[in-house]
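Novice: Next input, structure requested:
(one chain, ligands or ions: 1)
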Amino acid sequence: MIDPTDIRLDDVVRMRKPHPCGGYEWRVVRLGTDIGARCLTCDRKILMPRSQFAKRVKTIIQRAAMNDE
Ligand SMILES: [Zn+2]
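Specialist: This is a model prediction of the structure:
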């Protein structure tokens, strides 16, 4: 499982299970207690608690740019 505190806006993640549209890749579009993500395949948005989101993510495939890297 990824670190729930290590999710950044604009990260692209791969989920363990596919969306009903068949897509696995999502972009983080909202950060807070709940994480908002947009499916890169069908463009739909989801919102779920950060801990649940972290469990569903298999890997972060593209990190958003950070100044400290
Ligand atoms: Zn989708």
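
Novice: Could I have the CA atoms of stretch 52-64 written out in PDB?
Specialist: Only the C-alpha atoms of stretch 52-64 are listed here, as PDB (Å, rounded to 0.1, in the frame of the first residue of the first chain):
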ATOM      1  CA  GLN A  52      -9.500   4.100   1.100                       C
ATOM      2  CA  PHE A  53      -7.900   5.800  -1.900                       C
ATOM      3  CA  ALA A  54      -4.400   4.700  -0.700                       C
ATOM      4  CA  LYS A  55      -5.600   1.100  -0.400                       C
ATOM      5  CA  ARG A  56      -7.000   1.000  -4.000                       C
ATOM      6  CA  VAL A  57      -3.800   2.500  -5.600                       C
ATOM      7  CA  LYS A  58      -1.300  -0.100  -6.800                       C
ATOM      8  CA  THR A  59       1.400   2.400  -7.700                       C
ATOM      9  CA  ILE A  60       2.000   6.000  -8.500                       C
ATOM     10  CA  ILE A  61       3.100   6.000 -12.100                       C
ATOM     11  CA  GLN A  62       3.800   9.700 -12.500                       C
ATOM     12  CA  ARG A  63       4.700  12.100  -9.700                       C
ATOM     13  CA  ALA A  64       3.700  15.700  -9.800                       C
END
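
Novice: Which residues does it contact?
Specialist: Residues from elsewhere that reach stretch 52-64 (C-beta atoms under 8 Å, 6 or more residues apart in numbering): 1-4, 6-17, 24-25, 28, 35, 37, 48, 69. C-beta: built from backbone N, CA, C; applies to glycine.

Novice: For it, buried residues please.
Specialist: Under the neighbour-count criterion of 16 or more other C-beta atoms under 10 Å, stretch 52-64 has 53-54, 56-57, 60 buried.

Novice: Export those residues to CSV and append columns for distance to R44, pLDDT and secondary structure.
Specialist: Below are the buried residues of stretch 52-64 laid out as CSV (distance: C-beta to C-beta, whole Å; pLDDT from 0 to 100; DSSP: H, G, I helix; E, B strand; the rest coil):
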residue, distance to R44, pLDDT, secondary structure
F53, 15, 97, helix
A54, 20, 96, helix
R56, 15, 97, helix
V57, 17, 97, strand
I60, 20, 96, strand
